[in-house]
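Engineer: My questions are about this predicted structure, shown below with the sequence.
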Amino acid sequence: MRTIFYDVATSLNGYIAGPDDDISGFPAEGDHAEAYFERLAGYDTVLMGRGTYEFGYRFGLQPGRRAYAHMHHYIFSRTLDLPADSEVEIVRDDWIERVRSLKSAAGGDIYLCGGGQFAGLLMSHGLVDRLRLKMAPFLLPGGVPLFEQLDRQVQLQPVSMTRHDSGVVTMEYRLRDG
């Protein structure tokens, strides 16, 4: 069974982006970023919602292209239209069953890239195995929460914590059984 990691930057008060999807407060450079880029090499598949995929357009991602060259991309959206020669696959229906199928297929670890609404859906269905939270040392006045519409309490077991010179603290948790 493959492992799904929600590997995401968050403010101390639990937002992955501020109002209007502002991420300017998140430190983009430093030892925490280097560690993140090293981890990316270990994932062979990425899952993301439409909003997260389209957010990449702000940073030069072209519609239909991969955000991470070495990963298989699955974009979960009922409304996204991409060019016929797309390098990514759109999943329009049966999202939960599709994620279950991906978890049981052969392959390496799966990167849940976001966002909060899609992560909340997967967590509510018990499909996220590990959290890797890059806690940035600041607070946001609102925005996109780490998990939207989480419909149950989830017990976590701490795995590791790394304090970075950048001020970011990376914490990893696994879901507790039962």
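Structural biologist: Nice, thanks for sending it over.
Engineer: what's the offset of stretch 10-20 from the middle of its chain?
Structural biologist: Relative to its chain's centre, stretch 10-20 lies at 14 Å (C-alpha atoms, centre = their mean, to the nearest Å).
Engineer: which residues does the most centrally placed residue in the chain contact?
Structural biologist: Central residue of the chain (C-alpha atoms, centre = their mean): residue 113, 2.3 Å from the mean position. Going by C-beta atoms under 8 Å, 6 or more residues apart in numbering, residue 113 touches 7, 8, 46, 47, 48, 52, 67. Every C-beta, even on glycine, is put in place using the N, C-alpha and C of the backbone.
Engineer: Out of these, list just those in strands.
Structural biologist: With strands taken from DSSP state E, the overlap with these comprises 7, 8, 46, 47, 48.
Engineer: where's the residue nearest to the centre of the chain, which helix or strand?
Structural biologist: Using DSSP states H and E, residue 113 maps to strand 109-114.
Engineer: Let's test this: mean pLDDT of that strand, rounded?
Structural biologist: Average pLDDT, strand 109-114: 94.
Engineer: Against which helices or strands is the helix or strand that it is followed by packed?
Structural biologist: Downstream of strand 109-114, the first helix or strand assigned by DSSP H and E is helix 116-124. Packed against helix 116-124 by the contact rule (3 or more C-beta pairs under 8 Å, 6 or more residues apart in numbering; DSSP states H and E) you find strand 4-11, strand 43-49, helix 95-104, strand 109-114.
Engineer: Go through those and name the closest to residue 30.
Structural biologist: Closest approach to residue 30 among those (C-beta to C-beta): strand 4-11, 11.8 Å.
Engineer: pLDDT (mean, whole number) over that closest one?
Structural biologist: Here the average pLDDT along strand 4-11 is 98.
Engineer: try stretch 167-178
Structural biologist: 88.
Engineer: One more: stretch 135-149?
Structural biologist: Stretch 135-149 shows an average pLDDT of 96 in the prediction.
Engineer: can you list the residues that contact that stretch?
Structural biologist: 8-19, 21-22, 25-27, 115-117, 119-121, 123-124, 133, 167-171.
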